[in-house]
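Enquirer: Generate coordinates for the sequence data below:
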Amino acid sequence: MGNRFANGKWAIAECDRCGQRYKLRQLKPLVIKTKQINILVCPECWEPDHPQLQLGMYPVDDPQGLRNPRRDLSYTQSGITSDGSIGEGSRVFQWGWNPVGGASLDAAGLTPNDLVAVGAVGQVTVTV
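Expert: Next up, the predicted model:
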């Protein structure tokens, strides 16, 4: 029993997207969302299936909470600092944006800030 279709070695077809004429063997099937649809496109119009179109096709599990959490002991276990105070462990941070040393504006003193702004002004001589 022979083939059910002709060879198509010299067959000419049109791109389903742009309408240009190509050899039938040059046209590629278009794949959208992992499904091959009945559209043949030329090499210029062909594009691979974009992974972003597959969002929601596969279950994604991204848990945020821990089952048996433990408290952060590094806050009290960091030891004594060089000035004799108790260290702050993993919670050491400095505020350094608008204004520098802005902790002084906080009445309760909840945001400790050791940053100090230093600046200098020089002299400029302009001669004409």
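Enquirer: Run through the residues that contact residue 31.
Expert: 37, 48, 49 (Cβ atoms under 8 Å, 6 or more residues apart in numbering). Any C-beta I mention is one placed from the backbone N, CA and C, and that applies to glycine too.
Enquirer: so it, which of the three states?
Expert: Here residue 31 is recorded as strand under DSSP: H, G, I helix; E, B strand; the rest coil.
Enquirer: ditto for residue 39
Expert: With three-state DSSP as the basis, the three-state label of residue 39 is strand.
Enquirer: Go ahead and confirm it touches residue 16.
Expert: Yes - counting by Cβ atoms under 8 Å, residue 39 sits close enough to residue 16 to count as a contact (4.6 Å).
Enquirer: so what sits against both of these two?
Expert: What both residue 39 and residue 16 touch, as defined by Cβ under 8 Å, 6+ apart, is the set residue 30.
Enquirer: which one of the contacts of residue 31 sits closest to residue 12?
Expert: Closest approach between the contacts of residue 31 and residue 12, by Cβ to Cβ: residue 37, at 21.9 Å.
Enquirer: Helices of this structure, start to end?
Expert: With helices called from DSSP state H, the chain shows them at 74-77.
Enquirer: Burial check on residue 26, number of neighbours?
Expert: Counted with other Cβ atoms under 10 Å, the neighbours of residue 26 add up to 14.
Enquirer: For it, give its distance to residue 119.
Expert: Using Cβ to Cβ, to the nearest Å, we find residue 26 at a distance of 69 Å from residue 119.
Enquirer: next one: residue 70
Expert: In terms of Cβ to Cβ, residue 70 sits 45 Å off from residue 119.
Enquirer: do the same with residue 46
Expert: 61 Å.
Enquirer: So for those two, which residue has more residues nearby?
Expert: residue 46 (17 against 4).
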